[in-house]
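K.L.:
I would like to see how this sequence folds:
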Amino acid sequence: MSLKPRFVSRALLALVSGVVALTACSSDGDARDAAVDAAVDVQVDATAVDTGGEDASRDAAGDVEMKRDAGVDARVSDATSTDAGAQDAGGLDGGALRVVKVVASSAGHACALRSDGRVRCWGLNDNGQLGRPASQSASQCLTRPGGVRLPCDPRAVEVAGVTDAVDLVTSAGATCVLRQNRSVLCWGANEAGQLGQGRGSTAPTATPTAVTLGPVRSLSAGAYHVCAALEDGTVRCWGSNAFGQTGVAIGQSPAQCDEGDGTLSPCTPTPTAVAGVTDAVEVAAGRFYTCARRRGGAVQCWGLNDSAQLGNGQVGAIEGGVVPPVTVAGETSVSAIFAGGSHGCAQRSTGALVCWGWDGYGQLLGAPSAQCSSVSGAFLCAMNPSVVPQVTNPRSVATGRSHACVVTSDGNLLCGGRNDNEQLGAATSLTCSVGTDTYPCSRNTPVRVQLSNVRQVSVGDYHSCALLDSGEVRCWGWNVYGQTGGGVASTMEPPALVRDLL
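P.N.:
Numbers count the residues shown, from 1 in each chain. Purely as a prediction, here's the structure:
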């Protein structure tokens, strides 16, 4: 996987910041995503490469990455079919075996955590992010007509060596779990140091590898970085630091990681404490920024702020980031936080859901937004937290790259934002213009996904997954790597049952 996205060079970011503002749904909101992505997507890893031909600008960057990624040697130990007898085993809590969490990565794979502490993953496997060597993947998925074929597994495979996981997170090309003893294991891509192994190697691995940390209470992954809130209240982050998302000033990054082509970018390959955060109880890593919920209910954020995603009432430049952490405006009693591509959300102790940041496609789920401006033009955003209407005490909230979903208190699933791959779960008639391109989207009124009794939802860049009360997992959207888990790779997929999870 190519590391450029996180390690975008300052020169490239400066160039991108001059890009003509784009418009999304009669706003220029997409300029941000397009601009940062022009820089950060030009560098994006194959797993973040977008769908076949539907977005020419993404494909141009994607082809570069995929060619690079196709040659990456990400092969390590096999993890297939290590579940002998697992179907009859009980969970860690002694109950019947079931899926307890599903996670859609920011790019091309997804994983499920089972009640017995084991993990199964499916989709793109070019960096061993499924926990098995890329060379042993069941298929080679064609990214687009005439494109490169990359290792993939459209059906779920078990990750070897993980038997006591209690939480699970995924990034663009890597996967991490929090274990029962509060330690962390990671595997997959490592060009940005996102496996936390230090400066010695940035090679990918399919073998779950221990990250040196104290006891962890909360774990979260962005596009190319990972952060953990420790039980002592501190937060430690590792991986790409192109925008200060690990909490270290870009110019003071402890290392420069080789993206695989000789290009060096700022990174933090060893877990490093975020200065100024001492009482964190939860961490949420967005694409290129991070937030922490403090013990008293306030929220602090740091990293890229080109779309007001830090929630402090300001918009920063595309180049650079915000360090040390700033406080999200007006929020003093938050019970949960969520970080997406260029937007964030929080649930208040009252049950209300608030969101802030970029709203070019309606990814703020109907929360009021207005025209914001920066050096790259005007765009729709909420500079400060804005209340999502008609959503109280949600069961689950998920914020992706340019869409978001919420499970209501009665188990219904609502999604809003970009919908070019039907990642919202259904076709939409509204379109949003992005420069010369036009994409389906949902603004102001989220789409109701035709699923009921939904327990939990997770969204990636262009696909989404839901865990139902019945224990079923269904995924939909972009599926060129088989990341919807139905057993086949295709351009798009309606909500499909993920197989082979138990």
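K.L.:
how about low-confidence regions in this protein?
P.N.:
1-91, 93-94, 145, 259-260, 434-436 (pLDDT under 70).
K.L.:
what's the single longest strand in it?
P.N.:
strand 377-392 (DSSP state E).
K.L.:
which of the residues in that one are buried?
P.N.:
For strand 377-392, a neighbour-count test (16 or more other C-beta atoms under 10 Å) marks 377, 379-388, 391 as buried. Any C-beta I mention is one placed from the backbone N, CA and C, and that applies to glycine too.
K.L.:
mind listing the helices in the stretch 51-200 of the chain by residue range?
P.N.:
56-70 (DSSP state H, counting those that start in this stretch).
K.L.:
Strands of that one, residue ranges please.
P.N.:
For the stretch 51-200 of the chain, the strands defined by DSSP state E, counting those that start in this stretch cover 99-104, 109-114, 119-124, 139-142, 149-158, 165-170, 174-179, 184-188.
K.L.:
Mind checking these for the one nearest to residue 297?
P.N.:
strand 165-170 (21.7 Å; C-beta to C-beta).
K.L.:
List the pairing partners of that closest one within its sheet, with orientation.
P.N.:
strand 174-179 (antiparallel) (DSSP bridges).
K.L.:
okay, the strands of the stretch 51-200 of the chain, which one's buried deepest?
P.N.:
Burial of these is given as mean neighbour count (mean count of other C-beta atoms under 10 Å); strand 119-124 ranks first at a mean of 30.
K.L.:
Give me the contacts around it.
P.N.:
46-47, 105, 107-114, 129-131, 141, 150-159, 162, 165, 168, 173, 175, 177, 481-483, 485, 498, 500-501 (C-beta atoms under 8 Å, 6 or more residues apart in numbering).
K.L.:
Of the strands of the stretch 51-200 of the chain, which is nearest residue 424?
P.N.:
Checked against C-beta to C-beta, the stretch from the strands of the stretch 51-200 of the chain lying closest is strand 99-104, at 13.3 Å.
K.L.:
Show me what that closest one packs onto, helices and strands only.
P.N.:
Using 3 or more C-beta pairs under 8 Å, 6 or more residues apart in numbering; DSSP states H and E, the elements in contact with strand 99-104 are strand 109-114, strand 165-170, strand 454-459, strand 463-468, strand 473-479.
K.L.:
Relative to that strand, what are the paired strands and their orientations?
P.N.:
strand 109-114 (antiparallel).
K.L.:
still on that earlier bit, so which of the helices and strands packed on strand 99-104 is nearest residue 201?
P.N.:
Here strand 165-170 is closest among these (C-beta to C-beta), at 21.1 Å.
K.L.:
quick one, that closest one and strand 184-188 angle?
P.N.:
40 degrees (axes from the mean of the first three to the mean of the last three C-alpha atoms, to 10 degrees).
K.L.:
Offset the numbering so it begins at 825, please.
P.N.:
In the new numbering, first residue 825, that becomes strand 989-994.
K.L.:
Could I have the CA atoms of strand 989-994 written out in CSV?
P.N.:
Extracted C-alpha coordinates of strand 989-994, given in CSV (Å, rounded to 0.1, in the frame of the first residue of the first chain):
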residue,chain,number,x,y,z
ALA,A,989,-9.8,-9.9,21.4
VAL,A,990,-12.4,-7.6,23.1
ASP,A,991,-12.3,-4.7,20.5
LEU,A,992,-11.3,-4.3,16.9
VAL,A,993,-10.3,-1.4,14.6
THR,A,994,-9.2,-1.1,11.0
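K.L.:
Show me what the longest strand of the chain is packed against.
P.N.:
helix 854-864, strand 1176-1182, strand 1194-1198.
K.L.:
Direction included, what does it pair up with?
P.N.:
Strand 1201-1216 is paired, per DSSP bridges, with strand 1176-1182 (antiparallel), strand 1194-1198 (antiparallel).
K.L.:
Just tell me which of the ones you listed ends up closest to residue 1313.
P.N.:
strand 1176-1182 (30.2 Å).
K.L.:
what's next to that closest one, contact-wise?
P.N.:
Against strand 1176-1182 from outside (C-beta under 8 Å, 6+ apart): 853, 856-857, 1131-1133, 1135, 1152, 1155, 1164-1172, 1188-1189, 1191, 1203-1212, 1215-1216, 1218, 1221, 1223, 1228, 1230.
K.L.:
Could you rerun that using 7 Å?
P.N.:
Among residues not part of strand 1176-1182, those counted as contacts by C-beta atoms under 7 Å, 6 or more residues apart in numbering are 853, 856-857, 1131-1133, 1135, 1166-1172, 1188-1189, 1191, 1203, 1205-1206, 1208-1212, 1215-1216, 1218, 1221, 1230.
K.L.:
Give the full set of residues in contact with the nearest residue to residue 1187 once chain neighbours are set aside.
P.N.:
Leaving aside its sequence neighbours, residue 1187 sits nearest to residue 1241 (C-beta to C-beta, 6 or more residues apart in numbering; 3.5 Å). By C-beta under 7 Å, 6+ apart, the contact set of residue 1241 is 1185-1187, 1226-1228, 1248, 1265-1266.
K.L.:
run the last query once more with 8 Å
P.N.:
1185-1187, 1224, 1226-1228, 1247-1248, 1265-1266 are the contacts of residue 1241 under C-beta under 8 Å, 6+ apart.
K.L.:
is it in a bridge, and if so with what?
P.N.:
With DSSP bridges as the rule, residue 1241 is bridged to residue 1227, residue 1266.
K.L.:
sorry, back to before: off-centre distance for whichever helix or strand comes after the longest strand of the chain?
P.N.:
Following strand 1201-1216 in sequence order, the next helix or strand is strand 1220-1223 (DSSP states H and E). Strand 1220-1223 has its C-alpha centroid displaced from the chain centroid by 11 Å (C-alpha atoms, centre = their mean, to the nearest Å).
K.L.:
neighbouring strands for strand 1220-1223, and are they parallel or not?
P.N.:
strand 1227-1231 (antiparallel).
K.L.:
Show me what the partner strand is in contact with.
P.N.:
Contacts of strand 1227-1231 (C-beta under 8 Å, 6+ apart): 1164, 1167, 1169, 1177, 1179, 1185, 1187-1189, 1212, 1215, 1218-1222, 1237-1243, 1247-1248, 1270, 1273, 1278-1281, 1283, 1288, 1290.
K.L.:
burial of the closest residue to residue 1223 other than its chain neighbours, as a residue count?
P.N.:
Nearest residue to residue 1223, sequence neighbours excluded (C-beta to C-beta, 6+ apart): residue 1164, at 2.9 Å. For residue 1164, the neighbour count with other C-beta atoms under 10 Å is 29.
K.L.:
Identify the residues contacting the most centrally placed residue in the chain.
P.N.:
With distances taken as C-alpha atoms, centre = their mean, the residue of the chain nearest its centroid is residue 930 (3.5 Å). By C-beta under 8 Å, 6+ apart, the residues touching residue 930 are 871-872, 994-996, 1045-1047, 1111, 1224-1225, 1284-1285.
K.L.:
6 Å instead, please
P.N.:
For residue 930, the contact set (C-beta atoms under 6 Å, 6 or more residues apart in numbering) comprises 996, 1047, 1284-1285.
K.L.:
Pull the most distant pair out of those residues.
P.N.:
1047 and 1284 (10.4 Å).
K.L.:
so who does residue 1026 touch?
P.N.:
1014-1015, 1081.
K.L.:
Take the helices and strands packed on strand 923-928 and write them to JSON lines, including distance to residue 1024.
P.N.:
Below are those laid out as JSON lines (distance: least, C-beta to C-beta, whole Å):
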{"stretch": "strand 933-938", "distance to residue 1024": "26"}
{"stretch": "strand 989-994", "distance to residue 1024": "23"}
{"stretch": "strand 1278-1283", "distance to residue 1024": "32"}
{"stretch": "strand 1287-1292", "distance to residue 1024": "34"}
{"stretch": "strand 1297-1303", "distance to residue 1024": "35"}
